[in-house]
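Q: turn this into a structure:
(one chain, ligands or ions: 1)
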Amino acid sequence: MKRRTFVRSSVAAAVAASLSTRRSMAALYQEAPQAPPDVDAITGAGGEITLKGKDIADLAARMRGRLLLPGDDGYDQARHILNPSFDKRPALIAQPTGTADVRAAVDFARDHDNLLLAVKCGGHSASGKSTCDGGMQIDLSAFRDVRVDPIARTARVTGGSLLGQLDHESMAYDLVAPMGTVSHTGVGGLVTGGGFGRVARRFGLSVDNLTSVDVVTADGQFLRASKDENPDLFWGVRGGGGNFGIVTSFEFDLHPMQRQVVGGRVMFPIAKAREILTFFADYSQKAPDELDIGFLVFYPPGGADGMAGFFLCYSGSESEAERVLAPMSALGTPMADTTQAIDYVALQRSGDTDDPRARGSYLKSGFVSSMPADLISAIVDGLEGHPDRSTGVFMQLSGGAINRVPSDATAFANRDIMGNLLSSVGWKHGDDPGQHIRWIKDYWATLEPFTKGFYSNDLAVDQRTAAIHANWGENYDRLVRVKNEYDPGNLFRLNANVQPTV
Ligand SMILES: Cc1cc2nc3c(=O)[nH]c(=O)nc-3n(C[C@H](O)[C@H](O)[C@H](O)COP(=O)(O)OP(=O)(O)OC[C@H]3O[C@@H](n4cnc5c(N)ncnc54)[C@H](O)[C@@H]3O)c2cc1C
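A: As a prediction, this is how the structure comes out:
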């Protein structure tokens with residue numbers, strides 16, 4: 001029997017055995033005739049270890065979900081994330097179907113010299129942190145469920161769910177929790193890092209709407225965290241990313257909101273880019289909380305003409321929308337305008353493929369507190385089309401309810417910003433990315449002086465450790481204390497990492 005077939009069949013046998021109930025562990029092992037062979041792996045600290053086949057079979061037997069080794073059906077799908085540039089191969093992949101499986105997988109990783117551990121929910125990580133080479137990936141895609149209580153106006157969301165599931169379930173009762181703008185983004189990564197989106201200026205970041213979380217911490221414990229229970233952990237999870245454990249359940253407060261909003265994109269020829277950004281710098285600062293508006297300046301690949309414009313969502317009443325959006329008419333007739341009364345859930349899905357981050361790309365980002373003329377010039381003058389790449393720069397607006405939360409109320413520290421400025425370059429998968437990445441780094445170097453801090457969920461792959469720590473400002477010391485308590489061995493290190501000091 002070929003080695004690969006052997007591995008597959010033996011782990012599959014153990015998994016199948018684990019699914020059958022009321023059997024002793026001994027019986028389970030009898031049904032798994034032989035353990036899979038030993039597997040080479042690496043630890044979080046970079047050491048090389050060998051995982052014993054029997055230990056892998058034990059883990060498979062402890063889990064209800066699947067345990068995948070290279071070559072297994074589903075292994076390639078699980079190891080890949082949205083950005084195809086990250087072509088990594090974990091030594092093994094656990095796909096929990098519930099909290100018990102998450103605990104089993106975390107126990108395994110910790111007890112094997114703190115295996116390198118990647119946690120994947122929606123797989124949107126721009127820095128490729130949700131997959132890894134040689135370690136263990138915990139892929140939460142089989143752990144997706146949303147339950148809305150329309151009377152209490154709350155939602156419970158399991159740790160692997162996508163935000164489109166929550167939008168779909170909550171809007172069935174004209175209720176909403178602020179989430180991101182692309183429906184296949186994972187709640188797990190989005191919410192632990194912050195959560196900007198179309199109604200965040202009105203209701204706050206996603207983290208501001210959390211009332212409790214269930215977390216599996218590095219020691220395999222299952223903890224509930226809220227303002228009253230494990231409050232430090234609750235504070236840290238709201239903006240500290242995946243540093244403290246795996247969130248198996250999020251509980252949100254929901255807000256009443258009508259399904260129909262006004263939204264779409266308004267695009268002009270690139271020649272108007274400077275005028276558009278100058279307008280945006282002023283208009284966005286006077287906008288009511290109900291208006292979410294961002295700008296986009298973009299060159300498609302192939303040397304086609306560039307475009308500049310806005311993407312917007314007004315979630316107040318339709319009659320007010322006209323008055324609020326009226327100043328935009330000063331910009332003249334756009335080349336394309338999709339602004340319309342639209343179902344919120346449909347709008348939330350509308351960028352699923354054409355959001356600049358929804359393609360293979362390299363991303364740079366930073367927070368800005370204003371848009372002076374020099375920044376506008378740097379954005380417009382430096383951006384250029386290219387036959388082999390797309391280039392774009394855009395902003396996700398902050399302000400409103402987001403900025404009314406004190407910077408130390410949650411771990412998310414950057415509460416005084418105008419918005420998140422992002423610049424991305426995309427290329428055909430398979431092309432050498434070197435020249436494209438070099439170009440965007442040079443371009444970003446002209447914008448970066450205008451930024452202060454960055455969104456940890458848009459962490460660049462090569463972000464320096466010191467900058468990651470500084471980004472949390474005065475919240476960093478408390479984050480280290482929480483890390484020391486809940487993950488002193490830094491098992492959860494593939495993230496914007498808070499380094500423990502014990
Ligand atoms: C197309 C696209 C659109 C985006 N739009 C927005 C937006 O509108 N607003 C916004 O704020 N951000 C947005 N982002 C950024 C997004 O918030 C981050 O990429 C986020 O990390 C995605 O979460 P994920 O679960 O999909 O990612 P994954 O790659 O699966 O996970 C990223 C990290 O999150 C952590 N993590 C995931 N699940 C859990 C869990 N259950 N418990 C603990 N930690 C966990 C892990 O550390 C993991 O490495 C967008 C990104 C993309 C690619």
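Q: next, count neighbours for Arg323.
A: 9 (other C-beta atoms under 10 Å). The way it works is simple: take the backbone N, C-alpha and C, and place the C-beta from them, glycine included.
Q: any idea of the mean pLDDT in the helix or strand harbouring it?
A: Applying DSSP states H and E as the criterion places Arg323 in helix 318-325. Averaging pLDDT along helix 318-325 gives 95.
Q: which residues of the chain lie near the ligand?
A: Within reach of the ligand by C-beta under 6 Å from any ligand atom, the chain has these residues: 81-82, 119-126, 129-130, 140, 159, 180-182, 185-186, 188-190, 192-197, 241-242, 246-247, 355, 357-358, 457-458, 494-495.
Q: can you list which of these are found in helices?
A: Gly188, Gly189, Leu190, Thr192, Gly193 (DSSP state H).
Q: quick check: buried residues in the helix holding Arg323?
A: Of the residues in helix 318-325, Ala321, Val324, Leu325 count as buried by neighbour count, 16 or more other C-beta atoms under 10 Å.
Q: what element comes up after the helix or strand where Gln77 lies heading to the C-terminus?
A: Gln77 is part of helix 75-79 when elements are defined by DSSP H and E. Where DSSP H and E defines the elements, the next helix or strand beyond helix 75-79 is strand 92-95.
Q: buried residues of the very next helix or strand once past that following strand, list them for me.
A: Along the chain past strand 92-95, the next helix or strand (assigned with DSSP H and E) turns out to be helix 99-111. For helix 99-111, the neighbour count (16+ other C-beta under 10 Å) marks Thr99, Ala100, Asp101, Val102, Arg103, Ala104, Ala105, Val106, Asp107, Phe108, Ala109, Arg110 as buried.
Q: and for stretch 481-494?
A: Within stretch 481-494, the residues that count as buried by 16+ other C-beta under 10 Å are Arg481, Val482, Lys483, Glu485, Tyr486, Asp487, Asn490, Leu491, Phe492, Arg493, Leu494.
Q: again with stretch 74-81
A: Buried residues in stretch 74-81, counted by 16+ other C-beta under 10 Å: Tyr75, Ala78, Arg79, Ile81.
Q: what of stretch 161-181?
A: Across stretch 161-181, burial judged by 16+ other C-beta under 10 Å covers 161-171, 173, 175-181.
Q: from those residues, which land in helices?
A: Going by DSSP H, the helices hold Leu163, Gly164, Gln165, Leu166, Asp167, His168, Glu169, Ser170, Met171 from the buried residues of stretch 161-181.
Q: check contacts around the fourth one.
A: What that stands for is Leu166. When contacts are counted by C-beta atoms under 8 Å, 6 or more residues apart in numbering, Leu166 touches Val146, Ala155, Val157, Ala177, Met179, Val187, Phe252.
Q: any chance you could map the strands in the stretch 1-150 of the chain?
A: 39-42, 48-51, 66-68, 92-95, 117-120, 136-139, 146-149 (DSSP state E, counting those that start in this stretch).
Q: to Tyr362, which of those lies closest?
A: Across those, Tyr362 has its closest neighbour in strand 117-120 (19.5 Å, C-beta to C-beta).
Q: what pairs with that closest one, parallel or antiparallel?
A: strand 136-139 (parallel) (DSSP bridges).
Q: need the residues that contact the partner strand.
A: Here strand 136-139 has contacts from 41, 78-79, 90-96, 102, 105-106, 108-109, 115-120, 130-131, 160, 246, using C-beta under 8 Å, 6+ apart.
Q: do that again at 6 Å, thanks
A: Residues from elsewhere that reach strand 136-139, judged by C-beta atoms under 6 Å, 6 or more residues apart in numbering: 78, 90, 92-95, 105, 109, 115, 117-120, 131.
Q: again, but for stretch 217-235
A: Residues contacting stretch 217-235 (C-beta under 6 Å, 6+ apart): 103, 106-107, 110, 212-216, 244-245, 411, 482, 486-487, 491.
Q: farthest pair within those residues?
A: Largest separation among the contacts of stretch 217-235 by C-beta to C-beta: Asp107 and Ala411, giving 26.0 Å.
Q: could I get the contacting residues of Arg415?
A: Asn403, Val405, Ser407.
Q: picking up where we left off before, format the buried residues of helix 318-325 as JSON lines; extra columns: distance to Tyr476.
A: Listed next are the buried residues of helix 318-325 as JSON lines, based on distance: C-beta to C-beta, whole Å:
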{"residue": "Ala321", "distance to Tyr476": "41"}
{"residue": "Val324", "distance to Tyr476": "38"}
{"residue": "Leu325", "distance to Tyr476": "40"}
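Q: which single one of the residues you listed is nearest to Leu59?
A: The nearest member of those to Leu59, counting by C-beta to C-beta, is Ala321 at 53.9 Å.
Q: the nearest residue to the closest one once chain neighbours are set aside: which element?
A: Once flanking residues are discounted, Ala321 sits nearest to Val262: 4.1 Å by C-beta to C-beta, 6 or more residues apart in numbering. Under the criterion of DSSP H and E, Val262 resides in strand 260-269.
Q: and the helices in the stretch 351-500 of the chain?
A: All helices of the stretch 351-500 of the chain, identified by DSSP state H, counting those that start in this stretch, fall at 373-382, 434-447, 465-471, 476-486.
Q: looking at the ones you listed, which has the lowest confidence?
A: Going by mean pLDDT, the lowest-scoring of these is helix 465-471, which has a mean of 92.
Q: got the contact list for that helix?
A: Gly453, Tyr476, Ala496.
Q: hmm, which of the residues you listed are the buried ones?
A: Gly453, Tyr476, Ala496.
Q: any low-confidence regions in the stretch 351-500 of the chain?
A: In the predicted model of the stretch 351-500 of the chain, residues 358-360 satisfy pLDDT under 70.
Q: show me the strands in it, by range?
A: Along the stretch 351-500 of the chain, counting by DSSP E, counting those that start in this stretch, strands occupy 361-368, 389-397, 419-427.
Q: distance from the chain centre to stretch 244-256, please.
A: 14 Å (C-alpha atoms, centre = their mean, to the nearest Å).
Q: tell me which other helices or strands the strand holding Val262 touches.
A: Secondary-structure packing of strand 260-269 (3 or more C-beta pairs under 6 Å, 6 or more residues apart in numbering; DSSP states H and E): strand 307-314, strand 340-343.
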